[in-house]
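Novice: This is the structure alone, sequence omitted:
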């Protein structure tokens, strides 16, 4: 049965696997202090246009968020996030587990608005009892958001201006970063993003790797004992090269003749598949919960039809649109094939 | 200068102090295992109509909330609370400090609505990814709320029905419990409240005591190692009789001829003062942010006038109503005098 | 029945209580920002010879230790303590509850030895894997120790030299500070102690107060957000004056004619009672587990006799000396009377 | 340069890698709910002789220890461990990070003695103040220990008897489990071990895998929400099949003709290499810090020689034996070759 359930029900891209196989006999220094990790970091620094960036590899998204956020906060500080933000709803309380509060703001289609953030921080600063409240110590946004939406360059800049005004760092969760960067209409590049935040992570798990996320501190601002904090979180693997080798493959040019990087190529493919899918839904008369330009499409479907479709393919029930309609999430990935989209088309047309 | 800033800028009621003085020479067993604490607990059990209630004494509200909530949750569980709830905004992240998330729901004038709670829990139970979310393990409400509003008996019953349906206990923060019970129009009695929740606390600090809150587990449902948890939280005082003696005074009948209990008498006085104050504001043409029947009144005042009034008396700037108006909080307590209310009246009339 | 069980089964000294009564009608600013607290802090600053010391008031010892230690450590740091140290054995894991490890060293009669500390830190600094270990961030000692023993001025200085060499602050738990300072043979003064550590606390609960401990940061080195951390720990009481008033009484001269401070007078009394008690035990042929010059005496008693004595007075079973003998702890306090010591003498002599 | 620094500076065994490659195109259900994980679990159940065991896969040792221990303790409980235990010294405080204390006992050559454990628990149970102490909630041992030593079947049984007597579960850290089971003189089998504890983990990282540890709850005693706790710890990877596939390979018979399991074959090889190494050291007149039958050998070497040898091969400085001698750790693994041991031999002989 074809599956559009998520973007991590697959293996590694063949070039990623090849790099693991090719170097399996090496005896790399443990804990990520090996040459493969170093090479991967240099590739990433280059792609970000940030030669001085400090980079750390972790295994998964929840772990990366909890460790990075914890490393950037004092014990009395919390992280600001929209109520629908990933860390607030889908990470089993991993941030609170590190004793930090998530301070929630209302969202607009999954996004934080600069003016809402500004209002919150302004109120906080003028609150006579602010020592009785959790101190805001970090701003967290995702690119793309939980609803697949994107910040424009201007919107990101506006948020970063607010952060800088209040001297609070900005952290961007890039679990699906490539899928955002590759989207039609997106006007943010990786270097632009890197220049407009203090730390972000590049998700590998959802884009071509078996596991692995790369945290990028943009201006030598990583905690000086980040490694110990990582260890304390159980977020260090002994054979760190496992992640370095994967990111090396993902961030290498495809060939000597080409500048194109695998990570972007894989991302672009997923977006093409998503746009074909979106187009098919539109042509078949479906409505969307939100207009997403990325690899997650949120389609409003009649409950009875949801039951029928669920027998023919896998997708996620995201929530209730109303009494009779469900918001269904359909996700493509780097591994989605044209054939799978064709099959989706056939299923939807047979529904008419 | 007269002060309506809060209800804890005073000392102890004289009868409370007398009980401390009278028994100062006793040699009570430490850590709250003394006869004064036992006597105070019996007084409270009687007032609640709960002969089997388990009762613990702590020193302050934030400590009481964090300790009680932590004792009732498994590590992967969180506590449900309205966004404006006290634990969510004014306790410096003390709940998150114990590693538990506060799951926030929208409020209606400070109150949680049973149907909003029901919807949240229903959605949670039907969420296919619920193991990736924080499990709801407790519902927290305050009586009165942060805005001085009250649940009716029916509203409380509705919330408790939802809790029981989902087998999630209900905890009521009663930092100002007496002021709620004594309010005009309130139809909840202490025994009714005790029968409609699993645990609540009776605030002493704001109603006649120097310090001290009494946590009441209504049906033998306290954690069997509550004492160790309390100790771990730094929430045990060596001379526990200090709190027991105060609660004994607060919950004793005023005289042999009278059934009236000091705690209720003090509460009723504060409400009388608050209602006089409210009436004065109304007569002088002021509007209210919310219609509060308890000892906290939220008045909307022109910003320029706020500046003038601030020179003549103390009150709290609660927030901005709009660009030109401030929400000001005026609080009475058991220690507020008729003379202070007269003085307030004079000041407000001189403003006309 | 006379009791030598502990030094906190009593009330407040009458002068402490008088200060509470006299100022009960005042309307102090909440949360410890009142004039009584300020006056008490000035008294303490004077007694310490530290005009710039930052002082905070908390309610009890466990709370004070957990809050102070947590405020001084980064998340990846732990606190060094002897294995028999109070925080390691009698505080229900309150330090670990704040996510910090207690790194234990062997003790000598309850005391940490400078050379043992030095060896540990030297090994740590030379450990190639030190980033995989908990970083030592604070040294904790008690004065007097759990066994009632004392550091000499030289021993304290040696420890502080080691701390300064490794740039790790020193914290002294002074739950029974007065009883140490007042001991025969003690060559440490309060100003000397204050000059030879970074932070310490003066215990009020065990020496004349109903509750309350005063944390003294000796050189403007308190965390800039100590108040928020204190609040987060549930360690702030609304009516902070309760503790300020008690410390004001404890640290005021006894009269205009006298420089003597109540706290030292009360301490000296407890020591006189303890030395009478010690002398009685010696004269009656008892042996001691440790030679304590302070208010806790550890006497080795035949198990059968322990049973008999337990019917005549209260004391603590501290541990097994051997199969047939128990280590019994007898404690005096500021409230112990000559009559109680006389009664002890009678009981012991009747045993012969 | 040859390296005996550790047992995790290598890749995966080729059969492990092959299983990853062969199944890379599958679309496994995420989060470990896939058929590969299920097959691997069945293999492990079979090898343990525990058809009902509950098994979970995590990525590394520190993560596994912290998550498993946290899942088995109430908030007021701690874990008992020898002072030299791995969780106490080499995991950056990951256990304390979950708010639990490690209660340390003295060790005998890295091992916990049943009688020492029994004495501790007996004292605890008779401690009148035990509610002021951390409650012992779990016993943690490692097999082999930090010093490469092993418990005999009888010793393990003795410890488990004590645990059962006090109703405290026993957890065995098996980061190097195979190397212990394969050792000469070892009389413990995997099924015996599984029957003599409540939970243990089988280390994959150090024996043939790229990453991955398998936690085995022996009798349906896993926390019912272990998955949520795992997620909260950041210890779930999206593509769980990555670990399942590796353990499937490690716990499959080598061929249809053979019952031998890869995991044991790899372990046996490392032990053969270690025994050759040990023999070479002995023949060359070296002394050992401890007599280890497993893959870690602790050799006492003159400091000057340490410097010379360090230029010729990699090994770890484990500590100071005395002023002039260092304890050096030499480690073999499944990937160590005869050639490397030959080279070691040559180097040592050239030293004579």
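Specialist: Everything's here; your move. The model shown is predicted, which means the values in this text are computed figures rather than measured ones. Residues are numbered from 1 along each chain as shown, chains lettered A, B, ... in the order given.

Novice: What is the burial count for residue A:304?
Specialist: Residue A:304 sits with 9 neighbouring residues when counted by other C-beta atoms under 10 Å in any protein chain shown. No exception for glycine: its C-beta is placed from N, CA and C like everyone else's.

Novice: For it, pull up the helix or strand it's in.
Specialist: Under the criterion of DSSP states H and E, residue A:304 resides in helix A:303-310.

Novice: How about residue A:229?
Specialist: Element membership for residue A:229, per DSSP H and E: helix A:226-232.

Novice: That helix near chain D anywhere?
Specialist: Yes. Judged by C-beta under 8 Å from any C-beta of the partner chain, helix A:226-232 and chain D are in contact via A:228, A:231, A:232.

Novice: Strand partners (parallel or antiparallel) of the next helix or strand after the helix holding residue A:304?
Specialist: Moving toward the C-terminus from helix A:303-310, the next helix or strand (DSSP H and E) is strand A:313-314. For strand A:313-314, the paired strands and their directions (DSSP bridges) are strand A:2-3 (parallel).

Novice: out of the residues of helix A:226-232 next to chain D, which touch chain C?
Specialist: Restricting the residues of helix A:226-232 next to chain D to those within reach of chain C (C-beta under 8 Å from any C-beta) leaves A:228, A:231, A:232.

Novice: near chain C, which residues of chain A?
Specialist: Checking chain A against chain C by C-beta under 8 Å from any C-beta, the hits are A:70, A:74-76, A:99, A:131-132, A:135, A:225, A:227-229, A:231-232.

Novice: Quick one: these as TSV, columns for neighbour count too.
Specialist: Formatted as TSV, the residues of chain A next to chain C follow (neighbours: other C-beta atoms under 10 Å in any protein chain shown):
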residue	neighbour count
A:70	27
A:74	15
A:75	25
A:76	28
A:99	24
A:131	18
A:132	18
A:135	21
A:225	18
A:227	20
A:228	24
A:229	25
A:231	27
A:232	29
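
Novice: Okay, the residue in the stretch 201-350 of chain A positioned nearest to chain C and residue D:96: tell me how far apart.
Specialist: Closest residue of the stretch 201-350 of chain A to chain C, C-beta to the nearest C-beta: residue A:228 (4.3 Å). Note on residue A:228: its distance to residue D:96, by C-beta to C-beta, to the nearest Å, is 13 Å.

Novice: and what of residue A:12?
Specialist: On the measure of C-beta to C-beta, residue A:12 and residue D:96 end up 36 Å apart.

Novice: Kindly report the same for residue A:287.
Specialist: Counting by C-beta to C-beta - residue A:287 and residue D:96 are separated by 52 Å.

Novice: Who has more neighbours out of the two?
Specialist: Shown here are residue A:287 and residue D:96; by other C-beta under 10 Å, residue D:96 has more neighbours (27 against 12).

Novice: dump the residue contacts of that one.
Specialist: C:78, C:96, C:99, C:100, C:101, C:134, D:102 (C-beta atoms under 8 Å, 6 or more residues apart in numbering or on different chains).

Novice: likewise residue A:152?
Specialist: A:187, A:188.

Novice: Check the one 3 residues further on too.
Specialist: For residue A:155, the set of contacting residues under the criterion of C-beta under 8 Å, 6+ apart consists of A:111, A:113, A:114.

Novice: for it, helix, strand, or coil?
Specialist: helix (DSSP: H, G, I helix; E, B strand; the rest coil).

Novice: distance of it from chain C?
Specialist: 32 Å (C-beta to the nearest C-beta, to the nearest Å).

Novice: Look up how far chain B lies from that residue.
Specialist: Taking C-beta to the nearest C-beta, one finds residue A:155 at 25 Å from chain B.

Novice: swap in residue A:271?
Specialist: Residue A:271 is 25 Å from chain B, by C-beta to the nearest C-beta.

Novice: my read: that residue touches residue A:292, true?
Specialist: No. Residue A:271 is not in contact with residue A:292 according to C-beta atoms under 8 Å; the separation is 10.7 Å.

Novice: now the residues of helix A:226-232 next to chain D in CSV, with pLDDT?
Specialist: Below are the residues of helix A:226-232 next to chain D laid out as CSV (pLDDT from 0 to 100):
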residue, pLDDT
A:228, 97
A:231, 98
A:232, 98
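
Novice: Brilliant, that's me finished.
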